[in-house]
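Visitor: below is the sequence, then the predicted model.
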Amino acid sequence: MTGINKQTIAIALVMMSIFIAAIMITVFSGNAQQKEDRISVVTSFYPIYSAVSRLTQGIDGVEVINLTPSQTGCLHDYQLVPDDIIALTNADALVINGLGMESFLEDSIDLNPDIKVLDTSIGATLLPGIHSHNEHHSEHYDQHEHENQFNEHIWTSPSNHIIQVKNIKDFLVKIDPEHADEYNNNAKNYISEIEDIKNELINTARMLPTKNCIVFHDSLCYFAKEMGFSPIAMLSLGEQSYLSASQLADAASAAKKSSKVLLLYDMQHDAKYNNVADGASYVRILKLDTAVAGKANDADAWINAMRHNLMQLKEAVN
């Protein structure tokens, strides 16, 4: 091989190295810029995560992080872990349900003074609270105007969930106006789906031989109201709570007097008090999904939960 050929090859190798280095610099610079431009939206728990995920579908540069695991259920005494603190500290925005549901965030939000917060309960039609999930709040948070005053499970009402979706859409458009059209379009499509399942649920509920019901958890109050049900007993069955003999006796008396009754259980809890309606001539057990738990990264979790509830209603009709 001649000296000229060696020199030519050496130059070619150097040029190739420079070319590859330039490509790598471009790629890494692009990735860094993309990360810098990314909007990070943190959600408090599964129903809110599902809604935000639907509204951000197909939109580049938006990262949605849910603080609580998808199987957590209602938040009760949830406590933040270090990864949650990091997510909140780095987030641009936080979307919550509101009405006291997120008491565990009380002190942590202050770690990020620039974070923008949306309370999705604004404008929702509210029901009074039966009991509070949060019996161990700090003295400061107990002074929150909503604490123990309203039932926080607003997302279980399709009509209220539509209000939440609209609030989320307006919030996202405000913090990311560049993608306003995409947010508006996603919200329009999602609300249309919610309206469809809402109408199916209500029309099926109308075919039931009774609207009288015993509600075993306050998570179902909004759903019951939307379906036009009439609670004859409101009970508070939770993971660590049991119903007293007097409560059961009162519910049994109401069921017998009603003759026909629906037993509404949150499917998070065991349906273990069915004999309360032994005196009724018609009894149907509805194990309802409140969309508080499900598969990770399921943007259709709320819709799927309502489809489950629709099947429960249809089975009760037959």
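Guide: Sure thing, it's come through. Numbering: from 1, shown residues only.
Visitor: how does the protein divide into domains?
Guide: For the chain, whose domains are defined here by automatic domain parsing, the residue ranges read 1-37, 39-199, 205-317.
Visitor: need the ones you listed in a markdown table (columns: mean neighbour count).
Guide: Using the backbone N, CA and C atoms, a C-beta is placed for each residue, glycine as well. Formatted as a markdown table, the entries for those read as follows, by neighbours: other Cβ atoms under 10 Å:
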| stretch | mean neighbour count |
| --- | --- |
| domain 1-37 | 10 |
| domain 39-199 | 18 |
| domain 205-317 | 18 |
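Visitor: for those domains, give me CSV that also has mean pLDDT.
Guide: Converted to CSV, the domains of the chain look like this (pLDDT from 0 to 100):
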stretch, mean pLDDT
domain 1-37, 43
domain 39-199, 87
domain 205-317, 94
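Visitor: can you show me the helices along this protein?
Guide: Counting by DSSP state H, the chain forms helices over residues 3-37, 46-55, 82-90, 158-175, 180-205, 221-226, 245-258, 301-317, given from the N-terminal end onward.
Visitor: dump those helices to JSON lines, plus distance to residue 125.
Guide: Shown next, in JSON lines, are the helices of the chain (distance: least, Cβ to Cβ, whole Å):
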{"stretch": "helix 3-37", "distance to residue 125": "38"}
{"stretch": "helix 46-55", "distance to residue 125": "17"}
{"stretch": "helix 82-90", "distance to residue 125": "30"}
{"stretch": "helix 158-175", "distance to residue 125": "6"}
{"stretch": "helix 180-205", "distance to residue 125": "14"}
{"stretch": "helix 221-226", "distance to residue 125": "8"}
{"stretch": "helix 245-258", "distance to residue 125": "26"}
{"stretch": "helix 301-317", "distance to residue 125": "18"}
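Visitor: any idea which of the ones you listed gets closest to residue 102?
Guide: Distances from residue 102 to each of the helices of the chain were compared by Cβ to Cβ, and the smallest falls on helix 46-55, at 9.3 Å.
Visitor: quick one: contacts of that closest one?
Guide: When contacts are defined by Cβ atoms under 8 Å, 6 or more residues apart in numbering, helix 46-55 is touched by residues 41, 43, 64, 66, 68, 70, 72, 95-97, 120, 155, 161, 164-165, 168-169, 172, 183, 186-187, 190, 290-294, 297-302.
Visitor: quick one: residue 112 and residue 202, what's the gap?
Guide: The gap separating residue 112 from residue 202 is 41 Å, by Cβ to Cβ, to the nearest Å.
Visitor: and for residue 43?
Guide: As it turns out, when the distance is counted by Cβ to Cβ, residue 43 lies 28 Å from residue 202.
Visitor: returning to what we had before: can you say which of the helices of the chain is nearest to residue 151?
Guide: Distance to residue 151, taken as Cβ to Cβ, is lowest for helix 221-226 among these, at 5.5 Å.
Visitor: packing partners for that closest one?
Guide: If contacts are counted by 3 or more Cβ pairs under 8 Å, 6 or more residues apart in numbering; DSSP states H and E, helix 221-226 sits against helix 158-175, helix 180-205, strand 212-215, strand 230-234.
Visitor: next, format these as JSON lines and append distance to residue 256.
Guide: Shown next, in JSON lines, are those (distance: least, Cβ to Cβ, whole Å):
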{"stretch": "helix 158-175", "distance to residue 256": "32"}
{"stretch": "helix 180-205", "distance to residue 256": "23"}
{"stretch": "strand 212-215", "distance to residue 256": "11"}
{"stretch": "strand 230-234", "distance to residue 256": "10"}
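Visitor: looking at these, which is nearest to residue 260?
Guide: The closest approach between residue 260 and any of the helices and strands packed on helix 221-226, judged by Cβ to Cβ, belongs to strand 212-215 at 6.3 Å.
Visitor: put the alpha carbons of that closest one into CSV.
Guide: Once non-C-alpha atoms are left out, strand 212-215 reads as follows in CSV (Å, rounded to 0.1, in the frame of the first residue of the first chain):
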residue,chain,number,x,y,z
ASN,A,212,-84.6,1.7,46.4
CYS,A,213,-81.1,0.8,47.5
ILE,A,214,-78.8,0.3,50.5
VAL,A,215,-75.5,2.0,49.9
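Visitor: pairing partners for that strand, with directions?
Guide: Taking DSSP bridges as the criterion, strand 212-215 sits next to strand 230-234 (parallel), strand 260-266 (parallel) in its sheet.
Visitor: export those as a markdown table, with columns for distance to residue 91.
Guide: Supplementary listing: those in a markdown table, determined by distance: least, Cβ to Cβ, whole Å:
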| stretch | distance to residue 91 |
| --- | --- |
| strand 230-234 | 37 |
| strand 260-266 | 30 |
